[in-house]
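**Student:** build the 3D model from these lines:
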Amino acid sequence: MTRLRALLAVLLCLLPAGCASAAAFPEGSTMARIRDRGVLIVGIKFDQPMFGYKDPATGRITGFDAEMARLVAKDLTGSERNIRFVETVSRERENFIAQQVVDLVIATYSITPARSQLVTFTDPYYYAWQDLLVRAADTRIGGVSHLAGKTVCTAKGSTSVERLRNEVSGAIPAVVDGYSECVPALLEGHVDAITTDDTILLGLQAQHPNALRLVGEPFAREPYGMGVRKHDTVFRDYLNGLIARWLADGQWDRAFRDTIGISGAMPEQSKPAHR
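**Tutor:** As a prediction, this is how the structure comes out:
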């Protein structure tokens with residue numbers, strides 16, 4: 001077995017970035033396990049344009065979270081193509097991590113004290129702001145103070161639904177599995193608004209630019225982290241190092257420009273400070 005591992009290490013050195021990876025990862029670490037398997041398995045959402053979206057025509061997963069995941073795969077395996085995406089809705093994120101269905105979750109995953117009891121988070125790689133999406137012709141809603149008696153759609157297991165229930169007086173939650181279910185409900189008049197993070201809403205609006213509008217009155221900041229198994233601090237620290245590198249060398253900016261930036265959004269409020 002030792003000879004086999006040595007041979008594999010030599011072969012990895014013949015691949016781009018392979019020698020550095022083979023030498024860097026501690027034996028038994030999550031990074032070494034993924035490197036030896038040759039494929040990174042990532043939990044991501046499939047219904048959020050600009051973050052994690054599965055193109056129905058090509059099957060390709062696109063978005064900022066997908067680009068972050070591909071950068072991890074490239075560092076671990078030598079190629080961004082050595083990746084398998086698993087659809088992971090909000091309410092399943094902790095389960096998929098604990099049961100090792102995935103190696104990590106990158107899925108608009110807001111860091112909260114309650115979630116941190118169940119998983120280990122990296123440093124934030126993105127900051128979003130909670131906002132509202134309404135019908136373009138509906139002038140009744142200009143912010144959260146106008147939600148009394150209004151039906152507001154959001155997703156199970158999200159921080160958005162917790163905030164809606166606990167902090168927005170008089171709003172009537174309509175809770176579904178994914179935000180893609182909220183859009184037809186809003187267009188057909190079954191709900192009055194959708195609430196979640198602003199860049200997710202921008203992606204949903206882009207699919208119906210004449211029918212929907214972003215209110216543009218954000219009311220809470222959401223730090224996104226990558227989630228890994230509880231107490232896997234070695235993997236967490238490795239990922240933190242990658243995030244710091246991407247912020248410093250321009251890879252974060254390129255990922256933003258090619259995904260969220262297409263909407264016209266600017267990175268200033270979203271980009272974590274480089275440490």
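
**Student:** and stretch 57-71, what's buried?
**Tutor:** Buried residues in stretch 57-71, counted by 16 or more other CB atoms under 10 Å: 61-71. Yep, even glycine has a C-beta here, placed from its N, CA and C like the rest.

**Student:** and stretch 207-220, by the same measure?
**Tutor:** Buried, per 16+ other CB under 10 Å, within stretch 207-220: 208, 212-215, 217-220.

**Student:** nearest to residue 124 among those?
**Tutor:** residue 220 (14.4 Å; CB to CB).

**Student:** could you list the paired strands of the lengthiest strand in the chain along with their orientation?
**Tutor:** Determined from DSSP state E, the single longest strand within the chain is strand 126-135. Strand pairing for strand 126-135, using DSSP bridges, gives strand 193-197 (antiparallel), strand 212-214 (antiparallel), strand 220-224 (antiparallel).

**Student:** for residue 70, pull up the helix or strand it's in.
**Tutor:** helix 64-77 (DSSP states H and E).

**Student:** which strands or helices does that helix pack on?
**Tutor:** helix 18-24, helix 30-37, strand 40-44, strand 52-54, strand 83-87, helix 233-249, helix 251-258 (3 or more CB pairs under 8 Å, 6 or more residues apart in numbering; DSSP states H and E).

**Student:** rewinding a little: pLDDT of the longest strand of the chain, averaged?
**Tutor:** Strand 126-135 carries an average pLDDT of 95.

**Student:** which residues touch the next helix or strand after it?
**Tutor:** Using DSSP H and E, the next helix or strand after strand 126-135 towards the C-terminus is strand 151-155. Strand 151-155 is touched from outside by 89-91, 132, 160-161, 164, 168, 171-179, 181-182, 185-186, 190-196, with contacts defined as CB atoms under 8 Å, 6 or more residues apart in numbering.

**Student:** tell me how many other residues crowd the nearest residue to residue 171 once chain neighbours are set aside.
**Tutor:** In space, and not counting its chain neighbours, residue 171 is closest to residue 147: 4.1 Å by CB to CB, 6 or more residues apart in numbering. Number of residues near residue 147 (other CB atoms under 10 Å) recorded here: 21.

**Student:** got the contact list for the closest residue to residue 68 other than its chain neighbours?
**Tutor:** Computed as CB to CB, 6+ apart, the closest residue to residue 68 that is not its neighbour in sequence is residue 106, at 5.4 Å. If a contact means CB under 8 Å, 6+ apart, then residue 106 has 42-44, 52, 65-66, 68-69, 72, 226-227 as its contacts.

**Student:** let's have these in TSV, adding distance to residue 123 and pLDDT.
**Tutor:** Shown next, in TSV, are the contacts of residue 106 (distance: CB to CB, whole Å; pLDDT from 0 to 100):
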residue	distance to residue 123	pLDDT
42	18	98
43	19	98
44	19	98
52	20	96
65	16	98
66	20	98
68	13	98
69	16	98
72	14	98
226	9	98
227	12	98
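
**Student:** tell me which two in those are the farthest apart.
**Tutor:** Farthest pair in those, by CB to CB: 66 and 227, 15.7 Å.

**Student:** wait, a strand at residue 174?
**Tutor:** Yes: counting by DSSP: H, G, I helix; E, B strand; the rest coil, residue 174 is part of a strand.

**Student:** ok, of the buried residues of stretch 207-220, which one's closest to residue 201?
**Tutor:** For these, the nearest to residue 201 is residue 214 (5.5 Å; CB to CB).

**Student:** so that closest one sits against residue 202, correct?
**Tutor:** Yes: with contact defined as CB atoms under 8 Å, residue 214 counts as touching residue 202 (6.3 Å).

**Student:** any shared contact partners between the two?
**Tutor:** By CB under 8 Å, 6+ apart, no residue touches both residue 214 and residue 202.

**Student:** tell me the mean pLDDT for stretch 262-275?
**Tutor:** On average, stretch 262-275 scores 83.

**Student:** what's the separation between residue 24 and residue 35?
**Tutor:** Counting by CB to CB, to the nearest Å, the gap from residue 24 to residue 35 is 9 Å.

**Student:** what about these two, which has more around it?
**Tutor:** Neighbour comparison, residue 24 and residue 35: the larger count goes to residue 35, with 24 against 13 (by other CB under 10 Å).
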